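Asks: A predicted structure for the sequence below; I have some questions about it.
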Amino acid sequence: MTNESIIATLYLAYDNASEPLYRHIKDVIETQYPNIKFWGYNESKRTERTKAFKIKGGYSARQTPFAVIVDCDNAPVKAFYSEANECVVDNVLQFVDHFIESKQKTLMLLPVVKVTTNDLPQYETTTSAGCDLRAELTLVKEKFLFDAEITACTENGPTEITIQPGGRALIPTGMSIALPEGYEAQIRPRSGLALKNGVTVLNSPGTIDSDYRGDVGVVLINQGFEPFIVKQGDRIAQMVVTTFEQVEFVTVSDLDETTRGAGGFGSTGSN
C-alpha cells in the first residue's frame, strides 16, 4: 500500500478496560479499509506517544475509548467519546464508511480560464460548500473604484488597494468559468472579513450565470470604521456552485390561504 492511497488516519485512545473494543476496531480497519491508517494508544500507560496523539488530533481524551478521524491534511474531521461498549464500534465504523464515500464522490469538472498567478479556488475542508476566491489586482480598473484607490504598484500593475469606510470596489479574480446549464455560482462574503473588518460583498450573493464568460469579479464594500487594504492574492470572498430552477409565471385571481397570510416584517413576533 502506497502513502498516496491513504486518505485519512483513525487515532484511537483506549484504556485497559476498553482494549477488546480497540482490538476489534483495529482488526476491522486493517482488513476492510486499506486506505485508512490506524494508530492506537493505551491511555492507561500515559506514554509520550499518547501525549503526541492528543496534540496531533487537536483534542484531549476526556474519556476512553476516544477516537478521532484526521484527514490527509492533518485536519480533525470527527471525534468520538463513548463509554466502553459496542456502540462506539458501530459509530466509528459507520462514520468511516460515510467518510470514504464522500472522498470517493466524483466531482463535477468546471472549466476555468486563468489569467492570474493565484492558485485555483480550493475547498478548505472536505465538506466545505464554498471555495475561496483571491484578488487579482493587476486587472483592477479605476473606474470601478468608489472611495477606494490604488495604494501600491509594481511594473506589472497594482498590488494593493485601499477601500475607505463606506467605499466599494470591483475586485477581479483573474479567472472566468463555464458553468453547465442549470447551475449558477453564488459569490458570498467571507465571515471573518465581515466580522473583523466590516467588509462584505455588496450584492450578496452575487450571481454568475452559466452563459457568462467574463472575469468573476467581487464587489467589496467596506462597512467598517477603518480603511481596509486588499493585497494581491488575498482571499476576498467565497464561491458556491449550486443548481437552480427556472419557473413560468402564471397570472391567477387569488392564492391558496395559509395561517400566516399576508403577514410580513415582524408578523411572527420579536422573540
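Replies: Perfect, I can see it now.
Asks: give the buried residues for the strand or helix carrying V89.
Replies: Here V89 sits within helix 86-103, counting by DSSP states H and E. Neighbour-count burial for helix 86-103 flags 88-89, 92-93, 95-96, 99 (criterion: 16 or more other Cβ atoms under 10 Å). Where you see a C-beta, it was placed from the backbone N, CA and C, and this is true even at glycine.
Asks: try stretch 175-191
Replies: Result for stretch 175-191 [16+ other Cβ under 10 Å]: buried residues 175-177, 179, 183-190.
Asks: alpha carbons of that stretch, as CSV, please.
Replies: Below are the C-alpha coordinates for stretch 175-191, written out as CSV (Å, rounded to 0.1, in the frame of the first residue of the first chain):
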residue,chain,number,x,y,z
MET,A,175,-10.5,33.8,-13.9
SER,A,176,-13.6,33.1,-15.9
ILE,A,177,-15.6,29.9,-15.8
ALA,A,178,-18.1,27.9,-17.9
LEU,A,179,-20.9,26.5,-15.8
PRO,A,180,-23.2,23.9,-17.2
GLU,A,181,-26.8,24.8,-17.9
GLY,A,182,-28.9,24.5,-14.7
TYR,A,183,-26.1,25.7,-12.5
GLU,A,184,-25.1,29.1,-11.0
ALA,A,185,-22.2,30.3,-8.9
GLN,A,186,-23.0,32.5,-5.9
ILE,A,187,-20.4,35.0,-4.7
ARG,A,188,-20.7,35.3,-0.9
PRO,A,189,-18.8,37.2,1.8
ARG,A,190,-16.1,35.7,4.0
SER,A,191,-17.4,35.6,7.6
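Asks: what is the least confident helix or strand in this structure?
Replies: helix 48-57 (a mean of 46; mean pLDDT, DSSP states H and E).
Asks: list the contacts of L133.
Replies: Neighbouring residues of L133 by Cβ atoms under 8 Å, 6 or more residues apart in numbering: 121, 173, 187, 216, 218, 235-239.
Asks: what is the nearest of these to D132?
Replies: R235 (4.4 Å; Cβ to Cβ).
Asks: from V230, how far out is the closest residue to the closest one other than its chain neighbours?
Replies: Nearest residue to R235 in three dimensions, chain neighbours excluded: D132, at 4.4 Å (Cβ to Cβ, 6 or more residues apart in numbering). Separation of D132 from V230 (Cβ to Cβ, to the nearest Å): 14 Å.
Asks: of those two, give the one with the bigger neighbour count.
Replies: V230 (25 against 17; other Cβ atoms under 10 Å).
Asks: helix, strand, or coil at that one?
Replies: strand (DSSP: H, G, I helix; E, B strand; the rest coil).
Asks: was I right to think it contacts L170?
Replies: No: if you go by Cβ atoms under 8 Å, V230 and L170 don't touch, sitting 11.3 Å apart.
Asks: select the longest strand from this protein.
Replies: strand 157-171 (DSSP state E).
Asks: low-confidence ranges, this protein, go.
Replies: 1-5, 41, 43-88, 102-106, 126, 266-268, 270 (pLDDT under 70).
Asks: show me how it divides into domains.
Replies: The record's domain parsing of the chain by automatic domain parsing lists 3-103, 112-243.
Asks: and the longest one, how far out from the chain's middle?
Replies: Meaning domain 112-243. Here domain 112-243 is found 16 Å from its chain centre; the criterion is Cα atoms, centre = their mean, to the nearest Å.
Asks: please enumerate the strands of the stretch 151-271 of the chain.
Replies: Shown for the stretch 151-271 of the chain, the strands assigned by DSSP state E, counting those that start in this stretch span residues 157-171, 175-177, 183-188, 199-201, 206-208, 218-222, 228-231, 235-243.
Asks: sweet, I'm off.
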